[in-house]
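**Student:** following is a predicted model, sequence given first.
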Amino acid sequence: MSSQSEYKLLSLTKARCDDVKLTERFSEQMAQLCMNDDYSDVTFIVEDQRLPAHRVILAARSEYFRALLFGGLCESRQSEIELKIPVEAFKALLKYIYSGRMPLAQMDEDNILDTLGLANQYGFSELENAISQYLRHYLALNNVCAILDAARLYNLDKLTEVCLTFMDRNATDIMQHESFRALSKESLEEVLSRDSFFAPEVQIFLAVWEWSKHHSNINIDSVVSYVRLPLMKLEDLLQVVRPSGILEPDKLLDAIQEQTTSKYLPYRAALWPEENVATAKFGSNTILGECRTVLLDGDCASYDMEKGYTRHCITDNNDSGITVELGTICIINHIKMLLWDRDNRSYSYFIEVSANSINWDRVIDYSQYYCRSWQILYFPARPVRYIKLVGTHNTVNKVFHVVGLEAMYTVSIPKVINGIVAPTSNVARTDMSAIVVDGVSRTRNALLNGDYVNYDWDSGYTCHQLGSGEIVVRLGQPYVIGSMRLLLWDCDDRTYSFYIETSVNQKDWHIVVDKRNEHMRSWQNFSFTPRPIVFIRIVGTRNTANEIFHCVHLECPSQDPNFLQMEKEQEQRISSKAIDDSGAGGDNNDSFARAINSSSTGSKSNSTLSQSNNNQQLPEDVLIRLNSASVDDN
């Protein structure tokens, strides 16, 4: 063996010897001391059972026991301490203290809940979290009510929410289970207050009535107030609620009046987070529109000019549309919709939702915007049974085409201003349905493909002729944008001048970046007053090397980490100054929304900067000349 190999072997052996880990053996030996009289210096008396223990071990494992046994309290001088707690739970806790283990699978549910309480009382937060995590996976009809009461008592928010979600999903069965009658008043009120506790309201009333019989010593007025009487049929109010005698007649009359006069009733609805409920699995179907069967079939790939979409004729008074009926009323706040996109056409549209097909709310209004391909939409969560899609414009013909639709409730909500997403990630990407409308490149959409590394003299950029062209990008839908990042072609030391305009309809343009009098090169970051944007027009006015403007990459909003940090710090300074100036702080969100509103009204003051051939693709011979010129001049 070589000396080098011997040295490596000795080093490895030494490293292993320097790090001896026999924790398993240590745990076993420590566990042998648990409830053992050997060396014991304190005895706990719990439910008439004497349990020996060791002060130093308990103090080392728990702040509570350290204070109890060594903190100067009277117990620190006692050899026997009586505790009024469940004995089996305390034994389990002692075993955990001595060994670091707790066999939850071998314990019954009551014992586990009692131990959870002791872990909370004695400050064993890691054990508390571990038991909470265990209970989440073993929820059932016969234990969820008890676990919910325990979770709320010990302020275990995550476990509480899991229990509530389980009860939402199994509302009808839970109310029929005998454990429901043992639910605490506070827990019951929290369950009943949820819009997602979804069951026929008459069943909820009957369950509350039955619960009240087992809690005769409790004033049930506050509990009954959570029953949504206006959701019940008239015959149920008269034949079920009235005979119970637990409600005054005026309450019934108020419920009937609200039922007959109110536009918005306090609906309960099913909640299935992150799951598309607009599918046959949930009993949903398209009830209005042409070629209805394909909209919800989940196939968003097999469509062409002739098939694979649902449609309706666009009319001046918007009296036509596509309507989807969900299998049941559901809480949703997110819709994804694929508009037909086999060419460069754009659509305008609005979306309305309803719980009863009578009263409709417009949750998305893009009737003044040009949109294409996938639409990623968000709105405040609400109970929905019907979704109506109404196309108001098509840049090619008078038909609105929708390939696919998804509807769901999601917890991942971006910032939304006046119904328009204000993204933090770059939306000028092909996978976000953005395209290059005007501009010359050897590769289609090279400006948006995310590659800002592989470019040279011959390819990897988008360009236009100075004085007679432009680069135009169309986003998939309107976004509130307040910054951009641009990479100008920089394989030599040339500089460019340019300006950038934005529009929502390709008619009214606004200058957001004006660098016509500056010499710019390579990466550029820009910020401006946030505004709704669909179209981005980049117009070069000077190139110190030739007559062509070259752009490699576009981002909106900017993703430059340093720039984003500077923007964040600036926002914090502005916010702090606003608070100092106003004293009370003011409502920055309202002023921000007003700025968005004013910026979206449209203006033609800057339209003189637009070129006469904005919307035309360059002829092939010009494309060849431009590419040749760019290569030769470079």
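**Tutor:** The structure has been received and is ready for your questions.
**Student:** my read is residue 253 is in a helix, agree?
**Tutor:** Yes: using DSSP: H, G, I helix; E, B strand; the rest coil, the assignment for residue 253 is a helix.
**Student:** hey, where'd the helices end up in the stretch 101-250 of the chain?
**Tutor:** 109-121, 125-136, 144-153, 157-169, 171-176, 185-192, 201-213, 221-224, 234-236, 242-244, 249-261 (DSSP state H, counting those that start in this stretch).
**Student:** now do the last one, average pLDDT.
**Tutor:** Going back to what we said before, that points to helix 249-261. Mean pLDDT, computed over helix 249-261, is 89.
**Student:** any buried residues in the longest helix seen in the chain, and which?
**Tutor:** When the chain is scanned for its longest helix (criterion: DSSP state H), the result is helix 561-582. Neighbour counts over helix 561-582 (16 or more other C-beta atoms under 10 Å) mark 563-564, 567 as buried. C-betas here are computed from N, CA, C, even on glycine.
**Student:** name the helices or strands packed onto that helix?
**Tutor:** With contacts taken as 3 or more C-beta pairs under 8 Å, 6 or more residues apart in numbering; DSSP states H and E, helix 561-582 sits against strand 471-488, strand 523-543.
**Student:** relative to strand 471-488, how tilted is it?
**Tutor:** Helix 561-582 runs at 100 degrees relative to strand 471-488, counting by axes from the mean of the first three to the mean of the last three C-alpha atoms, to 10 degrees.
**Student:** any idea of the mean pLDDT for helix 561-582?
**Tutor:** The model assigns helix 561-582 a mean pLDDT of 78.
**Student:** quick check: angle from it to strand 523-543?
**Tutor:** Going by the same axes, to 10 degrees, helix 561-582 makes 100 degrees with strand 523-543.
**Student:** please state the offset of helix 561-582 from the chain centre?
**Tutor:** 25 Å (C-alpha atoms, centre = their mean, to the nearest Å).
**Student:** just the CA atoms of it, as PDB, please.
**Tutor:** Output of helix 561-582 as PDB, limited to C-alpha atoms (Å, rounded to 0.1, in the frame of the first residue of the first chain):
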ATOM      1  CA  PRO A 561     -32.500  41.100  -8.300                       C
ATOM      2  CA  ASN A 562     -30.500  44.300  -7.600                       C
ATOM      3  CA  PHE A 563     -33.100  46.400  -9.300                       C
ATOM      4  CA  LEU A 564     -35.900  44.700  -7.400                       C
ATOM      5  CA  GLN A 565     -34.200  45.300  -4.100                       C
ATOM      6  CA  MET A 566     -33.700  49.000  -5.000                       C
ATOM      7  CA  GLU A 567     -37.400  49.300  -6.000                       C
ATOM      8  CA  LYS A 568     -38.400  47.600  -2.700                       C
ATOM      9  CA  GLU A 569     -36.300  50.000  -0.600                       C
ATOM     10  CA  GLN A 570     -37.600  53.000  -2.500                       C
ATOM     11  CA  GLU A 571     -41.200  51.800  -1.900                       C
ATOM     12  CA  GLN A 572     -40.500  51.500   1.800                       C
ATOM     13  CA  ARG A 573     -39.000  55.000   1.900                       C
ATOM     14  CA  ILE A 574     -42.100  56.400   0.100                       C
ATOM     15  CA  SER A 575     -44.400  54.500   2.400                       C
ATOM     16  CA  SER A 576     -42.600  55.700   5.500                       C
ATOM     17  CA  LYS A 577     -42.700  59.300   4.300                       C
ATOM     18  CA  ALA A 578     -46.400  59.000   3.500                       C
ATOM     19  CA  ILE A 579     -47.000  57.700   7.100                       C
ATOM     20  CA  ASP A 580     -45.000  60.600   8.500                       C
ATOM     21  CA  ASP A 581     -46.700  63.200   6.400                       C
ATOM     22  CA  SER A 582     -50.200  62.000   7.100                       C
END
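**Student:** what's the neighbour count on residue 346?
**Tutor:** A count of nearby residues for residue 346, using other C-beta atoms under 10 Å, gives 22.
**Student:** identify the bridge partners of residue 551.
**Tutor:** residue 462, residue 488 (DSSP bridges).
**Student:** so who does it touch?
**Tutor:** By C-beta atoms under 8 Å, 6 or more residues apart in numbering, the contact list for residue 551 reads 439, 447, 461-463, 471, 486-489, 538, 540.
**Student:** if we go to 7 Å?
**Tutor:** With contact set as C-beta atoms under 7 Å, 6 or more residues apart in numbering, residue 551 has these partners: 447, 461-462, 471, 486, 488, 538.
**Student:** so where's the stretch 451-600 of the chain uncertain?
**Tutor:** 578, 581-600 (pLDDT under 70).
**Student:** deepest of the helices of the stretch 101-250 of the chain, which one?
**Tutor:** helix 144-153 (a mean of 22; mean count of other C-beta atoms under 10 Å).
**Student:** what is the mean pLDDT for that helix?
**Tutor:** On average, helix 144-153 scores 93.
**Student:** kindly report the same for stretch 362-381.
**Tutor:** The model assigns stretch 362-381 a mean pLDDT of 96.
**Student:** end-to-end on that stretch?
**Tutor:** 13 Å (C-alpha to C-alpha, to the nearest Å).
**Student:** in that stretch, what's buried?
**Tutor:** Going by neighbour count (16+ other C-beta under 10 Å), the buried part of stretch 362-381 is 363-366, 368-379, 381.
**Student:** as a markdown table, the contacts of residue 551 with neighbour count and distance to residue 136 would be great.
**Tutor:** Below are the contacts of residue 551 laid out as a markdown table (neighbours: other C-beta atoms under 10 Å; distance: C-beta to C-beta, whole Å):
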| residue | neighbour count | distance to residue 136 |
| --- | --- | --- |
| 447 | 29 | 47 |
| 461 | 28 | 53 |
| 462 | 26 | 52 |
| 471 | 25 | 53 |
| 486 | 24 | 48 |
| 488 | 21 | 53 |
| 538 | 23 | 52 |
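**Student:** ok, of those residues, which one's closest to residue 117?
**Tutor:** The shortest approach to residue 117 among the contacts of residue 551 belongs to residue 486, at 60.3 Å (C-beta to C-beta).
**Student:** if you skip the residues just before and after it, what's nearest to that closest one?
**Tutor:** residue 524 (4.7 Å; C-beta to C-beta, 6 or more residues apart in numbering).
**Student:** just residue 61 next, same as before
**Tutor:** Excluding the flanking residues, the one nearest residue 61 by C-beta to C-beta, 6+ apart is residue 97, at 4.8 Å.
**Student:** let me know the closest of the buried residues of helix 561-582 to residue 85.
**Tutor:** Using C-beta to C-beta, the buried residues of helix 561-582 come closest to residue 85 at residue 564, 53.0 Å.
**Student:** nearest to residue 69, of the helices of the stretch 101-250 of the chain?
**Tutor:** Closest to residue 69 of the helices of the stretch 101-250 of the chain is helix 109-121 (C-beta to C-beta; 15.5 Å).
**Student:** pretty sure residue 341 sits against residue 373.
**Tutor:** Yes: counting by C-beta atoms under 7 Å, residue 341 touches residue 373, with 4.0 Å between them.
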